[in-house]
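based on what follows, work out the 3D shape:
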Amino acid sequence: MSLNDVYKLTPTEELWAVPQSYDTVFDWSYDDSRDELIKLYEKGKTQQWNATHRIDWDQELGEDNPNGVPDEFFPIFGSDIWEKMSDADKAVTRRNYQAWTVSQFLHGEQGALFCASKIVQQVPDMEAKFYAATQVIDEARHVEAYQKLLKKYEAAYPITGPLKTLLDQVMQDSRWDMTYLGMQVVIEGLALAAFAMTRDLATNQLASQVNAYVMQDEARHVAFGRLTLRDYYPELTEAERDEREEFLVEACYHMRDRFMAKEVWEALGLPVEECMAHIEQSEGMKLFRSNLFSRIVPVVKDIGLWGDRVTKAYADMGILGFAQTDIDALQENDDLVAKQFDERRRYVESVAGEARATAAE
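All right, here's what the predicted structure looks like:
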């Protein structure tokens, strides 16, 4: 089944061509002295997995609430629109909103696939090229996994305007570090926080499992961006740093407004402006949108883009407190949760195998 068969809104273009102009850089020194990057590369190799086999795709999503996420986390929960809906209409709305969310995960992962391949060509260090090459296959696997998951919702949505705009900027910029900053720090940082919400709140095993496995990879990708940019940014001039901080602030404001789900309310024939107004004022959604930056702020501080422009913007957005977040602990937990899913599946398969053996006796 093609996603074209289940799009609720027709994409403006089936193929999107982004013009680019950048240098492909060869490294004839083949230096491998950056131990942290080499260790990350080794980890990237050993943690490769097959989405076809690691995930049990025979699992189904819920009928009325595919992910099994509590309604309190639904954007228009508590609004007059929501309260007046029948149970059947609420089920349709939940399914479409969750399909819209997974659609954006899918589109973002395709962008990450192209950005990783761009980094392989652009970055000047061989160690970074090695790791970026492992990220390319990671991102291809994520596209595959989210595509398979999305088909189970029997609904799909085109890429949102804010995400498309940021991808366009990142892909067209000829400077290799801007690809890292836009993708590894901003887009993937936001994605990790959004993935975590489904992983930790969903009662549906399949929805939770897919996000847990993707997050295990993404935690390494963000670490890759941190290691590389932390070494590079001290070399920049003040003017160059100012330019990157300006981009970072604009990107964060831009992406903060990405999760309004306007396309869902439009496709379902709901009063769009009323839905958007409720989301804008909802305390729950304000908290959710702030928490989206829990993975970005500590990384930005770590890589050294911590000038007045950035700290003022983060204070204005109410996210400056995330600077104290232990990002290493979060990433270790991402790895642990994925391994716990593997352990549970091995246990279930073991029990099932013993039952079959007993029945055969």
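
how far away is the most centrally placed residue in the chain from T237?
Note on the chain: the residue nearest the mean C-alpha position is A191, at 2.4 Å, using CA atoms, centre = their mean. Distance of A191 to T237, given as CB to CB, to the nearest Å: 31 Å. Heads up, the C-betas are built off the backbone N, CA and C, glycines and all.

E354 too?
For E354, the distance to T237 - CB to CB - is 66 Å.

tell me where the stretch 201-350 of the chain has helices.
Assigned by DSSP state H, counting those that start in this stretch, the helices in the stretch 201-350 of the chain fall at 205-232, 238-256, 262-267, 272-281, 283-291, 297-303, 308-316, 327-360.

can you put those in CSV and add mean neighbour count?
Listed next are these as CSV, based on neighbours: other CB atoms under 10 Å:
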stretch, mean neighbour count
helix 205-232, 23
helix 238-256, 17
helix 262-267, 19
helix 272-281, 15
helix 283-291, 15
helix 297-303, 22
helix 308-316, 15
helix 327-360, 13
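
convert stretch 19-26 to PDB, retaining C-alpha atoms only.
C-alpha atoms of stretch 19-26 as PDB (Å, rounded to 0.1, in the frame of the first residue of the first chain):
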ATOM      1  CA  PRO A  19      18.900  22.700  -5.000                       C
ATOM      2  CA  GLN A  20      22.300  22.400  -3.200                       C
ATOM      3  CA  SER A  21      25.800  23.600  -3.700                       C
ATOM      4  CA  TYR A  22      28.600  22.400  -1.400                       C
ATOM      5  CA  ASP A  23      32.000  20.900  -1.600                       C
ATOM      6  CA  THR A  24      32.700  17.200  -1.200                       C
ATOM      7  CA  VAL A  25      35.800  17.000   1.000                       C
ATOM      8  CA  PHE A  26      38.300  14.100   0.800                       C
END
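
quick check: mean pLDDT of stretch 142-155?
On average, the pLDDT along stretch 142-155 is 97.

next, the buried residues of it.
H142, V143, A145, Y146, Q147, K148, L149, L150, K151, K152, Y153, A155 (16 or more other CB atoms under 10 Å).

tell me how many other residues crowd S33.
10 (other CB atoms under 10 Å).

a strand runs through it, doesn't it?
No. Under DSSP: H, G, I helix; E, B strand; the rest coil, S33 sits outside any strand and is assigned coil.

show the contacting residues for it.
E127 (CB atoms under 8 Å, 6 or more residues apart in numbering).

related to what we said a few turns ago, let's see the pLDDT reported for the residue nearest to the centre of the chain.
Reported pLDDT for A191: 90.

measure it to T93 for me?
From A191 to T93 the distance is 23 Å (CB to CB).

for A99, same thing?
Counting by CB to CB - A99 and T93 are separated by 11 Å.

same question for E42.
46 Å.

between these two, which has more neighbouring residues?
Between E42 and T93, counting by other CB under 10 Å, T93 is the more crowded of the two (20 against 13).

isn't the more buried one up against G269?
No. Assessed by CB atoms under 8 Å, T93 is found out of contact with G269, at 10.8 Å.

show residues contacting the helix-or-strand element of the chain with minimal mean pLDDT.
Here the helix or strand of the chain ranked lowest by mean pLDDT, DSSP states H and E is helix 283-291, holding a mean of 82. Residues outside helix 283-291 that contact it (CB under 8 Å, 6+ apart): 72-73, 75, 77-78, 193, 197, 256, 259, 279, 317-319.

so what's the closest residue to F195 other than its chain neighbours up against?
Leaving out its chain neighbours, the residue that sits closest to F195 by CB to CB, 6 or more residues apart in numbering is N211, at 4.4 Å. With contact set as CB under 8 Å, 6+ apart, N211 has these partners: F195, A196, T198, R199, A202.

now do N67
The contact partners of N67, taken as CB under 8 Å, 6+ apart, are L61, Q98, T198, L201, A202, T203, N204, A207, S208.

what is the most widely separated pair among these?
The span of these, defined through CB to CB, is set by L61 and L201 at 14.6 Å.

those two: which has the busier surroundings?
A count of neighbours by other CB under 10 Å puts L61 above the other of L61 and L201, at 20 against 15.

secondary structure class for that one?
L61 - assigned by three-state DSSP - is coil.

isn't it right next to Q205, touching?
No. Shown here, L61 and Q205 do not form a contact pair, counting by CB under 8 Å, at 9.8 Å.

nearest spatial neighbour of V18, chain-adjacent residues omitted?
M171 (4.6 Å).

okay, buried residues for the lengthiest helix in the chain please.
Looking across the chain with DSSP state H, the single longest helix is helix 87-122. For helix 87-122, burial by neighbour count (16+ other CB under 10 Å) applies to 90-91, 93-120, 122.

whichever helix or strand comes after it vs helix 87-122, what angle?
Stepping forward along the backbone from helix 87-122, the first helix or strand reached (DSSP states H and E) is helix 126-151. Angle of helix 126-151 versus helix 87-122, following axes from the mean of the first three to the mean of the last three CA atoms, to 10 degrees, is 160 degrees.
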